[in-house]
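In: generate a structure from the sequence data that follows.
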Amino acid sequence: MKTSKIITETLRRVIYPPRCLFCGSLLDYRTEIPLCENCRPERYLPQGPRCSICSRPVGHAGDRCPGCRNHQSRIRGRGTFVYDGAVLESVHAVKDNGMKDYAKGYAELMVRYDERIWCEWGQFFLVPVPVHPRRLLERGYNQAEVLARELGERLDVPVWTGLQREEATRALRGQGAKSRRESLARAFRVDGSVPRPAGKAVIVDDIYTSGATVESCAKAIQDVYPEQEVCFWTFSIRT
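Out: Below you'll find the predicted structure:
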């Protein structure tokens, strides 16, 4: 990070102290991990063996979770934290309460706690899950793209915005896996005018629920680029 940018960011943190991502309490501006002492990240990390496809906790190493078995999910990836309790509330704050700056903290934690995973990917680029223009106008930002850009800055990898939201869908929150897949079947398309970087495509979002969004995004990409390898990386995953 350039010196001028470091100074600007430091001043911003002094004037607007960071908040704990999980409980919202104010933190010292010099804090490295954006969590307070009471919100230890280990409490929210998935424990034990993880699904060989989506990374949900499972009974034995190498197993697939029921969701991946039932829906024959094929896009592998990683959710850093369990979508529950304080993590759930934090993600909702980003989606519904305008807490856009939380994405910086999410990126810090994802890079720190999934280092082994992103190191194994080799050359890759980040693909934020797009939102429909109407939703973008309502919210003012796409939280997946903000997160992807924060990750890209920290890992020095490109962010590709060639994936577009073609159809608006009703809110997915509360829908079952089958309904989600039906809603998202034709929701995305690739804008071929946007140059595609080299390497593995890593779909980025704030939450992995049923896998329907990731699968639909991957299909849209591979319909245009059949040889493209695709995986995903999300801040949280529903267990």
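In: and the strands in the protein, which stretches?
Out: 77-82, 124-128, 163-165, 188-190, 200-208, 230-237 (DSSP state E).
In: so which of the ones you listed is nearest residue 141?
Out: Nearest to residue 141 among those is strand 124-128; the distance by C-beta to C-beta comes to 10.9 Å. Heads up, the C-betas are built off the backbone N, CA and C, glycines and all.
In: who does the closest one touch, helix- and strand-wise?
Out: With contacts defined as 3 or more C-beta pairs under 8 Å, 6 or more residues apart in numbering; DSSP states H and E, strand 124-128 has these neighbours: helix 143-155, strand 200-208.
In: and the protein, what are its domains?
Out: What automatic domain parsing lists as the domains of the chain is 1-39, 50-237.
In: out of the helices and strands packed on strand 124-128, which is the most enclosed?
Out: strand 200-208 (a mean of 24; mean count of other C-beta atoms under 10 Å).
In: in the sheet, which strands lie alongside it, parallel or antiparallel?
Out: Sheet pairing of strand 200-208 (DSSP bridges) gives strand 124-128 (parallel), strand 230-237 (parallel).
In: can you list contacts of it?
Out: 54, 75, 77, 79, 83, 91, 94-95, 106, 121-129, 143-144, 147-148, 151, 160, 213-214, 217-218, 221, 228-238 (C-beta atoms under 8 Å, 6 or more residues apart in numbering).
In: buried subset of these, written for ChimeraX?
Out: Applying 16 or more other C-beta atoms under 10 Å to the contacts of strand 200-208 leaves a buried subset, and the ChimeraX line that selects it is:
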select :54,75,77,79,83,91,94,106,121,124,125,126,127,128,129,143,144,147,148,151,160,213,214,217,218,221,228,229,230,231,232,233,234,235,236,237,238
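In: make JSON lines out of the strands paired with strand 200-208 and add mean pLDDT and distance to residue 203.
Out: Output for these, formatted as JSON lines (pLDDT from 0 to 100; distance: least, C-beta to C-beta, whole Å):
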{"stretch": "strand 124-128", "mean pLDDT": "98", "distance to residue 203": "5"}
{"stretch": "strand 230-237", "mean pLDDT": "98", "distance to residue 203": "4"}
